[in-house]
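Student: Return atomic coordinates for the entry below.
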Amino acid sequence: MHKKIASLLVTAALSAGLPQAAHAASNETITKRYFAALVGSEPRLAELTMFFTLMPKGGDLHHHYSGAIYAEQFLEWVDKQNYCVDSTALTIQAMPPAGACVSGASVMNNNALLAQVLQRWSDKDFYNHGALQSPPDRQFFDTFGYFGPVASTNTADGLQRLKQRAIQENVSYLETIFELAPMVLNADFDKQAASGVNDAMLTAFSEQLDKNQDFKKGIDAYLANVNTSGAGIDDDKFTLRYQSFVLRFLSPSQVFSTMLASFKLASMDSKIVGVNIVGQESVNVSMRDYAMHMQMFKYLKARYPKVKLALHAGELALGLVPPEGLSFHIRDAIDVAGAQRIGHGIDIAHETNPIGIMKKMREQNIAVEVNLSSNDFILGIKDQAHPVTLYRKYGVPFVISTDDAGVSRNNLSGEYVLFASRYKTNYAEVKKLSYDSLRYSFLAQDDKDRLIKALDGKFARFEADIAAGEARKGK
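Tutor: Numbers count the residues shown, from 1 in each chain. Predicted coordinates for the structure are as follows:
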């Protein structure tokens, strides 16, 4: 019946010569009904996949550059750099070791070896092969050590590949967590920090770093890499911006120096729109130093108030760490560090005063970056156990994102499919999520307005195509 109604609506609108706005309204109505039929009581996954591949999706705001590259691309770069792959350890070698070491092309042409590489360099087939393997969280985070030798040396090629992939699935903006900022190891600072940090300590170390010529050269090199790698990326179809990041499991001096460099970078180049802290949150150093890291962010945020923060926080589940470790990470990222977006936010139900935290997030428009695939794989959190159900209930803004698409072997369209098939949603909500991925981005306002205006046109065309397709089916 809905097909006949769709056909009649389109035909009547066209024959009556209704204004363009009326056409758009009827097209949106038809698209809403079509989407509702796809979700239904039993989601039609193939059709949902096609729907979301075609649907304009705004941007991807939780996107790790190196984790977004597929393993097959890394194998190309192995040969480009004259490296090889140890066929036993499956690691990349700069020089052939004593054992067997083969080219990337040889791996690609050896189905059995390629399968082994993909099982080590990504999450592929994790639940389908019987080899001895590490737990899911270790599998995920260990992949970066395998492809690390070529991950940061081909960034111009990598960004172009990611751009083309984004355009292919109708994504117009990536805010990628790009490269680790420069750092300095200082044993004296680390010794002092064992008892905590204060503003005087951080000021003294900041002044020391400002006089360090190697540190300054590292910042200049980072900026040069951003400008060289990203040359020619932005156009009328696609926009790219960067976040500099900190590794949370390093020593206090390394963390703070990287953090300072990141704030400086974000203040020096408008293409670097924010600062992040990454790395497995549940390991000992990350947990031990979490409060210290938030104090460091607070200190630098006061000195660089215009720099925006999107912090990984609460990527934890019950049993992964002692219960008290689940009680404050999201709160401190917001209240102490001053985060404007939260990455993951999985442990919200275990936080002290979770409703109060979510009220503040709603009132202050602090969005959560929801990463369904990686939350499922790393933490085993999915379906009704996922706190996206809480964020929706309490009106906290959120966006759908990929996290590490190359490691998870997914894309943004697939994440929307997961959201639509797991949770009762409607077209209005998924359309809003697409717009919110631009509204909550760290883009300059002019760029944000430009992309939102372009998204208006893309949705108008998308809805017209859906309506036309429904009209054809109804004949």
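Student: residue closest to the middle of the chain?
Tutor: residue 62 (1.9 Å; C-alpha atoms, centre = their mean).
Student: residues contacting that residue?
Tutor: Applying C-beta atoms under 8 Å, 6 or more residues apart in numbering, we find residue 62 in contact with 177, 310, 343-344, 369, 371, 399, 401-403. Placement of C-beta: from N, CA and C, glycine included.
Student: From the residues you listed, which land in strands?
Tutor: With DSSP state E as the criterion, strands contain 177, 310, 343-344, 369, 399 from among these.
Student: Pick out whichever of those residues sits closest to residue 389.
Tutor: residue 344 (14.8 Å; C-beta to C-beta).
Student: I'd like to know which of the contacts of residue 62 are buried.
Tutor: 177, 310, 343-344, 369, 371, 399, 401-403 (16 or more other C-beta atoms under 10 Å).
Student: Reformat the residues you listed as TSV; add distance to residue 454 and pLDDT.
Tutor: TSV is the format used below for those (distance: C-beta to C-beta, whole Å; pLDDT from 0 to 100):
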residue	distance to residue 454	pLDDT
177	24	96
310	23	98
343	26	97
344	29	98
369	22	98
371	25	98
399	18	98
401	20	98
402	21	97
403	25	95
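Student: what residue ranges in the stretch 1-150 of the chain score low on pLDDT?
Tutor: Counting by pLDDT under 70, the stretch 1-150 of the chain shows low-confidence ranges at 1-25, 95-99, 128-133, 137-138, 140-141.
Student: which stretches of it form helices?
Tutor: 2-16, 20-39, 45-54, 65-68, 71-80, 104-108, 111-121, 136-151 (DSSP state H, counting those that start in this stretch).
Student: Reformat the ones you listed as TSV; add mean neighbour count and distance to residue 426.
Tutor: Formatted as TSV, those follow (neighbours: other C-beta atoms under 10 Å; distance: least, C-beta to C-beta, whole Å):
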stretch	mean neighbour count	distance to residue 426
helix 2-16	15	15
helix 20-39	18	6
helix 45-54	17	13
helix 65-68	24	29
helix 71-80	20	37
helix 104-108	19	43
helix 111-121	17	37
helix 136-151	18	32
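Student: ok, then the element right after the helix or strand in which residue 189 is found?
Tutor: Taking DSSP states H and E as the criterion, residue 189 maps to helix 187-193. Once the chain leaves helix 187-193, the next helix or strand it forms, by DSSP H and E, is helix 199-210.
Student: got the angle for whichever helix or strand comes after that following helix vs helix 199-210?
Tutor: Using DSSP H and E, the next helix or strand after helix 199-210 towards the C-terminus is helix 213-229. Orientation of helix 213-229 against helix 199-210 (axes from the mean of the first three to the mean of the last three C-alpha atoms, to 10 degrees) gives an angle of 70 degrees.
Student: elements contacting helix 213-229?
Tutor: helix 155-168, strand 173-180, helix 252-268 (3 or more C-beta pairs under 8 Å, 6 or more residues apart in numbering; DSSP states H and E).
Student: try it again with 6 Å
Tutor: Packing contacts for helix 213-229, counted by 3 or more C-beta pairs under 6 Å, 6 or more residues apart in numbering; DSSP states H and E, involve helix 155-168, helix 252-268.
Student: nearest to residue 87, of the helices of the stretch 1-150 of the chain?
Tutor: helix 111-121 (6.1 Å).
Student: returning to what we had before: can you tell me which of the helices and strands packed on helix 213-229 is most buried?
Tutor: helix 252-268 (a mean of 23; mean count of other C-beta atoms under 10 Å).
Student: buried residues in the helix or strand encompassing residue 294?
Tutor: Residue 294 is part of helix 290-303, with elements assigned from DSSP H and E. For helix 290-303, a neighbour-count test (16+ other C-beta under 10 Å) marks 290, 292-301 as buried.
Student: TSV please, covering the buried ones among the contacts of residue 62 and showing distance to residue 355.
Tutor: Compiled in TSV, these are given as follows (distance: C-beta to C-beta, whole Å):
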residue	distance to residue 355
177	30
310	23
343	21
344	19
369	21
371	23
399	22
401	25
402	29
403	27
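Student: out of those residues, who's nearest residue 213?
Tutor: Using C-beta to C-beta, the buried ones among the contacts of residue 62 come closest to residue 213 at residue 177, 27.3 Å.
Student: Give me the below-cutoff pLDDT ranges for the stretch 251-400 of the chain.
Tutor: For the stretch 251-400 of the chain, no range has pLDDT under 70.
Student: can you list the domains in the protein?
Tutor: 2-42+455-474, 73-121, 155-443 (automatic domain parsing).
Student: sorry, back to before: wait, which of the helices and strands packed on helix 213-229 is closest to residue 332?
Tutor: helix 252-268 (15.2 Å).
Student: Point out the other helices and strands that that closest one packs with.
Tutor: By 3+ C-beta pairs under 6 Å, 6+ apart, helix 252-268 packs against helix 187-193, helix 199-210, helix 213-229, strand 239-247, strand 272-278, helix 290-303.
Student: would TSV of these with distance to residue 333 be doable?
Tutor: Converted to TSV, these look like this (distance: least, C-beta to C-beta, whole Å):
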stretch	distance to residue 333
helix 187-193	20
helix 199-210	18
helix 213-229	24
strand 239-247	13
strand 272-278	9
helix 290-303	7
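Student: how about the ones you listed, which one is nearest residue 117?
Tutor: That would be strand 272-278 among those, by C-beta to C-beta, at 24.0 Å.
Student: I'd like the C-alpha coordinates of the closest one written as PDB, please.
Tutor: The C-alpha coordinates for strand 272-278 follow below in PDB (Å, rounded to 0.1, in the frame of the first residue of the first chain):
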ATOM      1  CA  ILE A 272      44.600  21.300  13.300                       C
ATOM      2  CA  VAL A 273      41.300  21.800  14.900                       C
ATOM      3  CA  GLY A 274      41.700  19.900  18.200                       C
ATOM      4  CA  VAL A 275      43.700  17.800  20.600                       C
ATOM      5  CA  ASN A 276      43.000  14.300  21.800                       C
ATOM      6  CA  ILE A 277      44.500  11.700  24.200                       C
ATOM      7  CA  VAL A 278      44.500   8.100  22.900                       C
END
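Student: and it with helix 213-229, angle?
Tutor: Per the same axes, to 10 degrees, the angle that strand 272-278 makes with helix 213-229 is 120 degrees.
Student: residues in contact with strand 272-278?
Tutor: 177, 241-246, 248, 262, 265-266, 307-312, 442 (C-beta atoms under 6 Å, 6 or more residues apart in numbering).
Student: do the same with stretch 284-295
Tutor: 197, 248-249, 321, 325, 332, 336-337.
Student: For residue 86, which residues are in contact?
Tutor: 93, 101.
Student: next one: residue 93
Tutor: Counted by C-beta under 6 Å, 6+ apart, residue 93 has contacts 84, 86, 101.
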